[in-house]
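> Fold the stuff below for me.
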Amino acid sequence: MNYREDLEIKLQKVTLAMQEVLDDIHKTEPEKQRIISKLIEFKEAIISKGIELNIELEAA
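This next block holds a predicted model:
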């Protein structure tokens, strides 16, 4: 697996995790917001790493 594939898989996973949090009816809004904020930070870090490595990632 190359860097691009690895980063794209991570982007897909974090995007799916964000959707799962939004769909979880047992979580309160503050809990969802906290988790989503952390996932957004993670997603931005992945995109930043792609830019650093000069890798164009698919939009997730």
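
> tally of neighbours for S37?
S37 has 10 neighbouring residues, counting by other CB atoms under 10 Å. (Glycine included, C-beta is placed from N, CA and C.)

> Centre of the protein to the edge, which residue is at the far end?
H26 (21.4 Å; CA atoms, centre = their mean).

> Now name the helix or strand holding that residue.
Under DSSP states H and E, no helix or strand contains H26.

> and it, what are its phi and psi?
phi -80, psi -10 (degrees, to the nearest 10).

> which non-adjacent residue is nearest the residue most central in space within the chain?
The chain has V14 as the residue nearest its centroid, 3.0 Å off, counting by CA atoms, centre = their mean. Setting aside the residues directly before and after it, V14 is nearest to K43 in space (CB to CB, 6 or more residues apart in numbering), at 4.8 Å.

> how much space between the one you found and T15?
K43 sits 7 Å away from T15, going by CB to CB, to the nearest Å.

> Comparing those two, which shows the higher neighbour count?
K43 (18 against 14).

> Show me what whatever helix or strand the more buried one lives in is packed against.
Using DSSP H and E, the element containing K43 is helix 29-52. Contacts defined by 3 or more CB pairs under 8 Å, 6 or more residues apart in numbering; DSSP states H and E place helix 29-52 against helix 3-23.

> For the helix it packs on, buried residues please.
L7, E8, K10, L11, V14, A17, M18, V21 (16 or more other CB atoms under 10 Å).

> I'd like to know which of the residues you listed is nearest to K32.
Ranked by distance to K32 (CB to CB), the buried residues of helix 3-23 are led by V21 at 5.4 Å.

> Pretty sure the closest one sits against K38.
No. The pair V21 / K38 is not scored as a contact, 9.8 Å apart, by CB atoms under 8 Å.
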